[in-house]
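**Student:** here is a sequence with its predicted model. Questions after.
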Amino acid sequence: MNTKSSYEPVIGLEVHAQLQTRSKAFCGCSTEFGGEPNTNVCPVCLGMPGTLPVLNINLVEFIARMGLASGCSIAPKSVFARKNYFYPDLPKGYQISQYEEPICGPGGVEIDLDEDRRKTIGITRIHMEEDAGKSIHDIDVDTLVDLNRCGVPLIEIVSEPDIRSPHEAYLYLSRIRQILTYLGICDGNMEEGSLRCDANVSVRPMGSTTLGTKTEVKNMNSFRNVERALEFEINRQIALIEDGGTVIQQTLLWDANQNVAVAMRSKEEAHDYRYFPDPDLVPVLVDEESIARIRKALPELPAPRRDRFVKELGLPRYDADVLTAEKEIADYFEASLNALPADARKRKENAKAVSNWVMTDVLRVVAEKKTPIAEFPVPPPHLAAMLGLIHDGTISGKIAKDVFEEMLATREHPKVVVERKGLVQISDVAAIEKIVESVIASNTPQVEKYVGGNEKVFAFFVGETMRMTKGKANPGIVNDVLRKKLSARKR
């Protein structure tokens, strides 16, 4: 009997997302990443006596966007609380957060288990809070503290314990990141700490409804590390139980270099933080009119957009998934498609052609050059114009590859490139017939093979004709003329 299959993991994720505001949550200091240590600070975020926090109103709008996008209700009244704990990177001795009255209530996010199966992961709450500073452990001076991050605005997204495998956790976290970036409220960069994830993990016998003792795993700085850390902790708990041991509620730190989770401390409960309402901040009031305005301004979200690409544009599911993974890529694709001449009857055909170019050539360059799509040298109208030149026979698909590379280097319009380099496709039938006759006359052995029934040699004649025209001959016309001329030799 497979011991692992006898147990069911129960996983809940707490996702912290840094909001893309220019200033901090309760003061005017910059949120820019990478500044010199302790330069983006002021008396408010340093917790100096006598200072008072003032709420950055963008926090409310940003978190309401995420709440509405994940099916949550927006509380008409929410309250800030002080989360009390003592650590070197928390100068006030408490973190401004929300506890009993968060701004967003229950909701859910749908993940795709495969092409046919979807699952909704419940969201318990989404609330606003501020970030703490950063401790830097140095061999020579023990520990340094950088308080630039103190007061940076965060939202915490707390899931229900609905996740049943490390892979489901990966899918859920990926979807959360996708929604956050589509909404334009977080850049989703885990390496810079813009998106962080803690996981609560327990196991129970298959079929049981009783929750086991949970542990919390922290310090997972990539999606794959989340998967690996959960796999490790699930296996550790199962092995411990099978050996007659007991799982202890504690916090673990994931060590990506060693691929192990190391015990950090006993897991805190809510009462350990001694939450109480923050007396320096008034309640946050959100009226129905504001909620309606924010809802109306929401962009089309990734899953509905993907489904529309499949249903309306006829794209394969794989293409639609790739194109909608990032909002900027989906926008580039649609802008290119919409820049083509309007022809409803051929829209699906055009969509696949644009998809092929974006997925292969555009995304290849984006990955190689690490270029944001907003700075891509070939704007959507230029890509559409090049596809138009292929469609009307001005250039072949093969020549288009050369045109595309030249557009990348010069940022020129494709028509300019084609004219400057003399790349116009040869579509004159009489001219192509002369070249084909020359190719046939110069390759008698291959002609005899073809006449003798070797159809494969036909590709040789196509290649020779294209070589003699430097790739400019219209492939369709070349094929037609060659078949006509060679067939005549069989008679």
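**Tutor:** Everything's here; your move.
**Student:** the stretch 1-150 of the chain: helices as residue ranges?
**Tutor:** Using DSSP state H, counting those that start in this stretch, the helices found in the stretch 1-150 of the chain span residues 57-69.
**Student:** what of the stretch 151-300 of the chain?
**Tutor:** For the stretch 151-300 of the chain, the helices defined by DSSP H, counting those that start in this stretch occupy 166-183, 223-242, 288-296.
**Student:** residues in contact with the longest one?
**Tutor:** Think helix 223-242. Under the contact criterion CB atoms under 8 Å, 6 or more residues apart in numbering, helix 223-242 has outside partners 3-4, 7, 9, 11, 166-167, 169-170, 173-174, 177, 190, 197, 199, 201-203, 212, 215, 217, 220, 246-247, 252, 254, 256, 259-261. Bear in mind the C-beta positions are built from the backbone N, C-alpha and C, glycine included.
**Student:** residue contacts, Pro381?
**Tutor:** 335-336, 339.
**Student:** of the contacts of helix 223-242, buried ones?
**Tutor:** With burial judged by 16 or more other CB atoms under 10 Å, the buried subset of these is 7, 9, 11, 166, 169-170, 173-174, 177, 190, 197, 199, 201-203, 212, 215, 217, 220, 247, 252, 254, 261.
**Student:** which stretches of the chain have low pLDDT?
**Tutor:** Scanning the chain for pLDDT under 70 picks out 1-3, 138-141, 265-271, 342-346, 490-491.
**Student:** pop the domain breakdown of it in here.
**Tutor:** Per automatic domain parsing, the domain ranges recorded for the chain read 12-208+268-294, 297-421, 429-490.
**Student:** burial check on Lys370, number of neighbours?
**Tutor:** Applying other CB atoms under 10 Å, we find 7 other residues in the vicinity of Lys370.
**Student:** next one: the one 5 residues further on
**Tutor:** Using other CB under 10 Å as the criterion, Glu375 is surrounded by 8 other residues.
**Student:** same question for Lys415.
**Tutor:** Lys415 has 16 neighbouring residues, counting by other CB under 10 Å.
**Student:** tell me which element it falls in.
**Tutor:** Using DSSP states H and E, Lys415 sits in helix 414-421.
**Student:** who's in contact with that helix?
**Tutor:** 382, 385-386, 389, 394-395, 402-403, 406-407, 410, 412, 423-424.
**Student:** which positions in it come out as buried?
**Tutor:** Those would be 414-415, 417-418, for helix 414-421 by 16+ other CB under 10 Å.
**Student:** among those residues, which one lies nearest to Lys77?
**Tutor:** For the buried residues of helix 414-421, the closest approach to Lys77 (CB to CB) belongs to Pro414, at 57.1 Å.
**Student:** from Thr124, how far out is the closest one?
**Tutor:** Distance, Pro414 to Thr124, using CB to CB, to the nearest Å: 52 Å.
**Student:** what kind of secondary structure is the nearest residue to Ile477 once chain neighbours are set aside in?
**Tutor:** Closest residue in space to Ile477, ignoring its immediate chain neighbours: Ile432 at 5.4 Å, by CB to CB, 6 or more residues apart in numbering. Recorded secondary structure, Ile432: helix (DSSP: H, G, I helix; E, B strand; the rest coil).
**Student:** residues in contact with Ile432?
**Tutor:** Applying CB under 8 Å, 6+ apart, the residues near Ile432 are 426, 465, 469, 473-474, 477-478, 481.
**Student:** same list, the domains of the chain, but as a markdown table with distance to Arg236 please.
**Tutor:** A markdown table is the format used below for those (distance: least, CB to CB, whole Å):
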| stretch | distance to Arg236 |
| --- | --- |
| domain 12-208+268-294 | 9 |
| domain 297-421 | 33 |
| domain 429-490 | 58 |
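**Student:** re earlier: tell me which of the buried ones among the contacts of helix 223-242 fall in strands.
**Tutor:** Secondary structure assignment (DSSP state E) places 7, 9, 11, 197, 199, 201-203, 215, 217, 220, 252, 254, 261 from those within strands.
**Student:** which one of those is nearest to Lys296?
**Tutor:** Of those, the one sitting nearest to Lys296 (CB to CB) turns out to be Cys197, at 30.7 Å.
**Student:** would you confirm that the closest one contacts His16?
**Tutor:** Yes - between Cys197 and His16 there is a contact at 7.5 Å, judged by CB atoms under 8 Å.
**Student:** buried subset of the contacts of Pro381?
**Tutor:** Buried among the contacts of Pro381 (16+ other CB under 10 Å): 336, 339.
**Student:** redo the contacts of Pro381 as a markdown table? Include secondary structure and distance to Arg293.
**Tutor:** As requested, the contacts of Pro381 are exported to a markdown table (DSSP: H, G, I helix; E, B strand; the rest coil; distance: CB to CB, whole Å):
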| residue | secondary structure | distance to Arg293 |
| --- | --- | --- |
| Ala335 | helix | 26 |
| Ser336 | helix | 31 |
| Ala339 | coil | 31 |
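**Student:** just the closest of the contacts of Pro381 to Lys485, please.
**Tutor:** Proximity of those to Lys485 (CB to CB) peaks at Ser336, which lies at 38.9 Å.
**Student:** now do that closest one against Ala353, distance only.
**Tutor:** Distance from Ser336 to Ala353, by CB to CB: 10 Å.
**Student:** which residues do these two both contact?
**Tutor:** In contact with both Ser336 and Ala353: Leu387, using CB under 8 Å, 6+ apart.
**Student:** buried ones in stretch 123-140, by neighbour count?
**Tutor:** Those would be 123-133, for stretch 123-140 by 16+ other CB under 10 Å.
**Student:** so which of the residues you listed comes closest to Ile74?
**Tutor:** Closest to Ile74, out of all of these and judged by CB to CB, is Ile126, at 9.6 Å.
**Student:** identify the residue nearest that closest one in space, chain neighbours excluded?
**Tutor:** Counting by CB to CB, 6+ apart, Cys104 is the residue found nearest to Ile126 once chain neighbours are left out, at 3.8 Å.
**Student:** what does Val260 give?
**Tutor:** Closest to Val260 by CB to CB, 6+ apart is Phe232, at 6.5 Å.
**Student:** any chance of the contacts of helix 414-421 in a markdown table, plus distance to Cys29?
**Tutor:** As requested, the contacts of helix 414-421 are exported to a markdown table (distance: CB to CB, whole Å):
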| residue | distance to Cys29 |
| --- | --- |
| His382 | 41 |
| Ala385 | 46 |
| Met386 | 47 |
| Leu389 | 52 |
| Thr394 | 56 |
| Ile395 | 54 |
| Asp402 | 51 |
| Val403 | 49 |
| Glu406 | 47 |
| Met407 | 43 |
| Thr410 | 43 |
| Glu412 | 44 |
| Leu423 | 55 |
| Val424 | 59 |
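**Student:** from those, which would you call buried?
**Tutor:** 382, 385-386, 389, 394-395, 402-403, 406-407, 412, 423.
**Student:** okay, and which of these map to strands?
**Tutor:** If you go by DSSP E, the buried ones among the contacts of helix 414-421 have nothing in strands.
**Student:** closest to Gln20 out of the residues you listed?
**Tutor:** Within those, proximity to Gln20 (CB to CB) peaks at His382, which comes in at 29.3 Å.
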